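Participant: no sequence for this one, just the structure:
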C-alpha cells in the first residue's frame, strides 16, 4: 500500500506542475504490469514502442494530458511497471474512446524481438483515480 501511495503522490505532483491553472477534474489510470521470467526489458520496450507510440499521438491530439512509465525496483513485488495516464477530464478513456480507437486502428502492429505482450508480460491490476486538486 505504501508503494501505491508514493506512486500516487508522484502522479499528483506531476499533474500540479504540468497544469497549474487547470480547475478541471481529471482521471488518472494506473495499469500495473508484471514481466514474464527474463522478459522485463522486452516488456518495457513493448510498452514504449506500442502503448506510448499511441499515447504520444493521443497527447498531441489533446486526448491525454500526460503519461508516464514507472519501474518498480523491488523484484519481489507483484508488478514491475506502472503505466500512468492522465486524461483530459473526469470521463477518462470513455471520453476519448472514439478518437483513441482511430489511433489504435492506424497503429502498426508491434513486436519486440518477435514477441507480443502475451509473450513478455501481463496486466496484473488496473486502477482509476479522480484528481481532486
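Facilitator: Noted; the coordinates are in hand. Note that this is a predicted model, so its numbers are computed, not measured.

Participant: quick one, strands of the protein?
Facilitator: Counting by DSSP state E, the chain has strands at residues 27-35, 64-71, 81-87, 121-130.

Participant: what's the closest of these to residue 114?
Facilitator: strand 121-130 (15.1 Å; CB to CB). All C-beta atoms are positioned from the backbone trio N, CA, C, and that covers glycine.

Participant: So for residue 117, what's the nearest residue that isn't a sequence neighbour?
Facilitator: Sequence neighbours aside, residue 46 is the residue nearest to residue 117 in space, at 5.9 Å (criterion: CB to CB, 6 or more residues apart in numbering).

Participant: do residue 86 as well
Facilitator: residue 65 (4.3 Å).

Participant: Quick check, pLDDT for that neighbour.
Facilitator: Note on residue 65: pLDDT of 97.

Participant: ok, now the one 4 residues further on?
Facilitator: Residue-level confidence at residue 69 comes out at 98, pLDDT.

Participant: any idea how far it is from residue 99?
Facilitator: The spacing between residue 69 and residue 99, counted by CB to CB, to the nearest Å, is 22 Å.

Participant: Same check on residue 78?
Facilitator: Distance, residue 78 to residue 99, using CB to CB: 33 Å.

Participant: circling back to that earlier point, tell me, how many residues neighbour the residue nearest to residue 86?
Facilitator: A total of 21 residues lie near residue 65 under the criterion other CB atoms under 10 Å.

Participant: 263 is where my numbering starts, stick with that
Facilitator: Happy to do that; since the first residue is 263 now, the last one works out to residue 327.

Participant: so it touches residue 288, yeah?
Facilitator: Yes. Shown here, residue 327 and residue 288 form a contact pair, counting by CB atoms under 8 Å, at 6.2 Å.

Participant: which residues does the nearest residue to residue 387 once chain neighbours are set aside contact?
Facilitator: Among residues not flanking residue 387 along the chain, residue 294 sits closest, at 4.3 Å (CB to CB, 6+ apart). Applying CB atoms under 8 Å, 6 or more residues apart in numbering to residue 294 gives the contacts 340, 341, 343, 344, 385, 386, 387, 388, 389.

Participant: where's residue 294 relative to residue 339, distance?
Facilitator: Residue 294 sits 9 Å away from residue 339, going by CB to CB.
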